[in-house]
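Student: Fold the following for me, if possible:
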Amino acid sequence: MICCQTRRGAAVAAFLTGCALSSAAMAQDWPAGPVHVFVGFPAGSSPDTIARIVAEPLAEALGQPVVVENRPGAGGVIAVQQMLARGDDSFGININGPLTTAQRLIPDLGYDPVADIAPVGLIATSPLVLAVGADFPADDLAGFIEAAAEPEAISYGSVGEGSGAHLTAELFANAAGVQLFHIPFQSYAEVTTSILGGEIDSGFMAPSAALPQVEAGTMKMLGVTSAEPFAQVPDVPVIAGTAGLPENFRAELWNAFIAPAGTDPAVIERLNAELNTILADEEVRERLLAMGWQAQPGTPDDLAQRIRDDTALWGGVIDTVQAAE
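Tutor: Below is the predicted model:
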């Protein structure tokens, strides 16, 4: 009886091993045709440029064209929906919003970011900087917080309700124990123009958006939201642990490579390996940094954890904002 069970167990193990080897072999033969990557923003946008930086070497590695499909709309959500609808050999390169906050902000989203999407890997992250005009009376975070002691004494602009800039400002305000006055705009360019024109006091924005004005002497950056100093603006102090703010304060935008749930795990593994090889290339890293992004190679599990962490973080901020309305 024991011998029979042993033989049966060995047969099952051999079968499973054969399946795993077969799947791995299929992944090496994959793809048989073009790979479609859906991007949630128009041509020339930051996510689109990042996708094209990755797509060219990925196509070379896979031996098939990697076609970037721009499907702008709803902050990247339309592209996720299109990826899921198309199915075979369809993937996505998208920002964090459709994977973390969209479920809370968009009724009838049409997909579950956890159940319907398989993480492939992070591509790059970018912090935001707290920017103010050159004439703002404070030169550091402590002075900014002091100036904001009276409720809504300090205004800030963002690129829209529920955007990363908006939620980051509210995360900061809550951590600092102040109330800021929110004015939404359509773009960072409008936020910048309004700060320079004295219409608003501040804004959390991409370092690359603020840097030209800082170099021109018309704007200054008081803090950066990454956990460590950011290479593009190395002299800007991190917000974490400064002026009484929590040591674990962090707010980053990110771009990631995703797939529909149910994609062959061996294909995910191969894509992740190719992606990490691309992100280790010094030229690719320099191109990303010039845009204000830091390459972030890692595993699918790393991306899954980032999605969980940021969903919880921004969900708490959304709760706070909605409770105050």
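Student: Please make it C-alpha for all contacts and neighbour counts, starting now.
Tutor: Noted.
Student: quick one: the helices in the protein?
Tutor: Using DSSP state H, the helices of the chain run over residues 2-29, 46-62, 77-86, 97-100, 102-105, 141-147, 164-176, 188-196, 207-216, 265-279, 282-290, 300-324.
Student: So this structure: which segments form each domain?
Tutor: Following automatic domain parsing, one gets these domains for the chain: 34-126+252-320, 129-250.
Student: So what would you say the end-to-end distance of the first one is?
Tutor: I take that to be domain 34-126+252-320. 45 Å (Cα to Cα, to the nearest Å).
Student: Okay, now the unreliable bits of the stretch 101-250 of the chain?
Tutor: The stretch 101-250 of the chain contains no residues with pLDDT under 70.
Student: which residues of it fall in strands?
Tutor: 117-127, 129-133, 155-158, 181-184, 202-205, 219-224 (DSSP state E, counting those that start in this stretch).
Student: of all these, which lies closest to residue 278?
Tutor: Residue 278 lies closest to strand 117-127 among the strands of the stretch 101-250 of the chain, at 9.6 Å (Cα to Cα).
Student: From the contact counts, what lies against the closest one?
Tutor: When contacts are defined as 3 or more Cα pairs under 8 Å, 6 or more residues apart in numbering; DSSP states H and E, strand 117-127 packs onto strand 252-260, helix 265-279, strand 294-295, helix 300-324.
Student: Quick check: can you name the pairing partners of it and their directions?
Tutor: strand 252-260 (antiparallel), strand 294-295 (antiparallel) (DSSP bridges).
Student: Could you save those as TSV and add columns showing mean neighbour count and mean pLDDT?
Tutor: Putting those into TSV (neighbours: other Cα atoms under 10 Å; pLDDT from 0 to 100) gives the following:
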stretch	mean neighbour count	mean pLDDT
strand 252-260	23	97
strand 294-295	23	96
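Student: picking up where we left off before, rebuild the strands of the stretch 101-250 of the chain as CSV, extending it with distance to residue 61.
Tutor: Conversion of the strands of the stretch 101-250 of the chain to CSV gives the following (distance: least, Cα to Cα, whole Å):
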stretch, distance to residue 61
strand 117-127, 16
strand 129-133, 36
strand 155-158, 39
strand 181-184, 42
strand 202-205, 35
strand 219-224, 36
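Student: deepest of those strands, which one?
Tutor: strand 202-205 (a mean of 29; mean count of other Cα atoms under 10 Å).
Student: which helices and strands sit right next to that one?
Tutor: Using 3+ Cα pairs under 8 Å, 6+ apart: strand 202-205 touches strand 129-133, strand 155-158, helix 164-176, helix 188-196.
Student: what comes up buried for the third one?
Tutor: The one in question is helix 164-176. 164, 165, 166, 167, 168, 169, 170, 171, 172, 174, 176 (16 or more other Cα atoms under 10 Å).
Student: any chance of the strands paired with strand 117-127 in TSV, plus distance to residue 146?
Tutor: Below are the strands paired with strand 117-127 laid out as TSV (distance: least, Cα to Cα, whole Å):
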stretch	distance to residue 146
strand 252-260	25
strand 294-295	32
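Student: Figure out which of those strands is closest to residue 223.
Tutor: Closest among the strands paired with strand 117-127, once you apply Cα to Cα, is strand 252-260, at 13.1 Å.
Student: the inter-axis angle of the closest one versus helix 77-86?
Tutor: 20 degrees (axes from the mean of the first three to the mean of the last three Cα atoms, to 10 degrees).
Student: Outside of strand 252-260 itself, which residues are in contact with it?
Tutor: For strand 252-260, contacts defined as Cα atoms under 8 Å, 6 or more residues apart in numbering pick out 47, 83-84, 87, 90-96, 116-128, 164, 225-226, 268, 303.
Student: ok, how many other residues are close to residue 97?
Tutor: If you count neighbours by other Cα atoms under 10 Å, residue 97 ends up with 24.
Student: repeat for residue 189
Tutor: The burial count for residue 189: 14, using other Cα under 10 Å.
Student: what's the distance between it and residue 208?
Tutor: Plainly put, residue 189 is 11 Å away from residue 208 if you go by Cα to Cα.
Student: what's the distance between the residue most central in space within the chain and residue 75?
Tutor: With distances taken as Cα atoms, centre = their mean, residue 254 lies nearest the centre of the chain, 1.8 Å away. Look at residue 254 and residue 75: by Cα to Cα, they are 13 Å apart.
Student: tell me the pLDDT at residue 4?
Tutor: Predicted confidence (pLDDT) for residue 4: 51.
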